[in-house]
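Colleague: what would the 3D arrangement of this be:
(chains A and B)
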Amino acid sequence: MEIRIFFTILLSTILINNYVLSRNLGICPFLGVSKRLDSALGMGLAVIFVMTLTSFITHPLYKYVLVEYNITYLITIVFILVIAALVQLVEMVIRKISPVLYQALGIFLPLITANCAVLGVALLNISSGFPDPNVDLGLLKSVVQGFGSGVGFTLALLIMAGIRERLELADVPENLKGVPITFLTAGLLALAFYGFSGMRI
Amino acid sequence: MSYWKEFIKGVWEHNPQLVVGLGFCPTLAITTSLSNALWMTLSTAFVLVCSNVLISLIRGIAHSHLRIPLYITIIATFVTIVDLSLNAYQPAVYRSLGIFIPLIVVNCITLGRAEEFAQKNSVIRSLLDGAGMGLGFGLTLIVLSFFREVLGANQLFGYTLIRGMEPAAVMILAPGAFFTLGLMLWAMNTINSRRRSK
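Modeller: Prediction:
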């Protein structure tokens, strides 16, 4: 039973409610870092890491501090500061422990603070329980949802990077080059992903 | 630069989404109806103007290496004000905008204007800049949501336009947002390159 729910959450966040293509969150890095496959992979891994960690920290913080002391109206301020601090901390730890990993992820980490998908997943963990919206999600499911959302983001980013590398060779009209053609491609991708919403899980 | 130019540059020349390329997430996500777009415009413009003015006021005393957390806290405060007011007075709008109200905090436009403009310029200029940028942001939202609501739901402000016509539902879904914004950017590029060549 429990295992099945985790599987459902993963499938739902990666394919059906993909953060980029269906919820329209995290568009800035989706456009900015999808020019080459290797940088897309680096950004994707960093986002998975930060999203999972953010879910792990913000959920208990909301439940045991904000709700306990009746200060839930501070949720926006607290969450954005926690995410910013977390990203800084992760950056420092990675630089100290693994310089190789820092070389790969380092430049993407500061960008993640401004990635609305991270704050989005922290807020969605609280506002939309799964599968029933009114039931508290629980810590473990929140973390799974954070991880799945990160994987979904990475999947969309990698597909887009693969397409854009080929698009470089295509004969695109001058005014359509760059961001406009990327949006049209993303539209087609979103249409394809929309097919997943017919899945019964 | 004159005050009028400071205000009007956000509408076309430095339009946040179409020229600078910031703030795409709410642009795509909430433009499913015109009323959503109008409320989003009001909320974002309020946050932009207030944060620009406050950041411009404290520009002399803010430490440069602590400025980003400070700006984020200021912006988040105004977002919380908008969030609570909408929840209290317009609960239906609040429900339909959902998490995109708190997400104004990470809308790159607000932090971008604080960093790029408000911390270097006087209060009046920052106020005009914030209002102009809010207006430009809103106009893009309104044009986008007009097309999406008319084509995707056959409605305008919730009233049915042509009785018995089946709307193209894809326009109201996520793919329609990408298509419409892509076409708008294409049109913008074409107009600008024509102007330049003249």
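Colleague: quick check: which element contains the residue nearest the centre of chain A?
Modeller: Among the residues of chain A, A:Gly150 comes closest to the average C-alpha position under CA atoms, centre = their mean, at 4.0 Å. Element membership of A:Gly150, judged by DSSP states H and E, is helix A:139-167.
Colleague: chain A versus B:Val19, what's the distance?
Modeller: 11 Å (CB to the nearest CB, to the nearest Å). Where you see a C-beta, it was placed from the backbone N, CA and C, and this is true even at glycine.
Colleague: could you pull out the strands for chain B?
Modeller: Along chain B, counting by DSSP state E, strands occupy B:155-156, B:159-160.
Colleague: what mean pLDDT does the last one get?
Modeller: In this case it means strand B:159-160. Mean pLDDT, strand B:159-160: 83.
Colleague: partner strands of that strand, with direction?
Modeller: strand B:155-156 (antiparallel) (DSSP bridges).
Colleague: other residues contacting the partner strand?
Modeller: B:33-34, B:146, B:149-150, B:161, B:167 (CB atoms under 8 Å, 6 or more residues apart in numbering or on different chains).
Colleague: now tabulate those residues in TSV and tack on neighbour count.
Modeller: Shown next, in TSV, are the contacts of strand B:155-156 (neighbours: other CB atoms under 10 Å in any protein chain shown):
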residue	neighbour count
B:Ser33	21
B:Leu34	20
B:Phe146	16
B:Glu149	25
B:Val150	16
B:Leu161	12
B:Pro167	17
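Colleague: how about the host helix or strand of A:Ile9: buried residues?
Modeller: In this structure, A:Ile9 sits in helix A:2-11 according to DSSP H and E. Residues of helix A:2-11 classed as buried under the neighbour-count rule (16 or more other CB atoms under 10 Å in any protein chain shown) are A:6, A:8-11.
Colleague: figure out how far it is from the centre of its chain.
Modeller: Centroid separation between helix A:2-11 and its chain, computed with CA atoms, centre = their mean, to the nearest Å, is 18 Å.
Colleague: I'd like the next helix or strand past that helix.
Modeller: Next along from helix A:2-11, by DSSP H and E: helix A:27-32.
Colleague: what angle do the next helix-or-strand element following that next one and helix A:139-167 make?
Modeller: Per DSSP H and E, the first helix or strand lying C-terminal to helix A:27-32 is helix A:37-61. Interaxial angle, helix A:37-61 versus helix A:139-167 (axes from the mean of the first three to the mean of the last three CA atoms, to 10 degrees): 160 degrees.
Colleague: which residues are contacting the next helix-or-strand element following helix A:37-61?
Modeller: Proceeding N to C from helix A:37-61, the next assigned helix or strand is helix A:75-97, under DSSP H and E. Here helix A:75-97 makes contact (CB under 8 Å, 6+ apart) with A:49-50, A:53-54, A:57-58, A:61-62, A:66, A:101-102, A:105-106, A:109-110, A:112-113, A:118-119, A:122-123, A:126, B:68-69, B:72-73, B:76-77, B:79-80, B:83, B:102, B:105-106.
Colleague: may I see the buried residues of helix A:75-97?
Modeller: A:75-80, A:82-84, A:86-87, A:90-91, A:94.
Colleague: separation between the residue nearest to the centre of chain A and chain B?
Modeller: For A:Gly150 relative to chain B (CB to the nearest CB), the value is 16 Å.
Colleague: chain neighbours aside, what residue packs nearest to residue 87?
Modeller: Picked chain A for this. Using CB to CB, 6 or more residues apart in numbering or on different chains and skipping the chain neighbours, the partner closest in space to A:Val87 is A:Thr113 (5.0 Å).
Colleague: the chain in question should be chain B.
Modeller: Closest to B:Asn87 by CB to CB, 6+ apart is B:Tyr94, at 4.8 Å.
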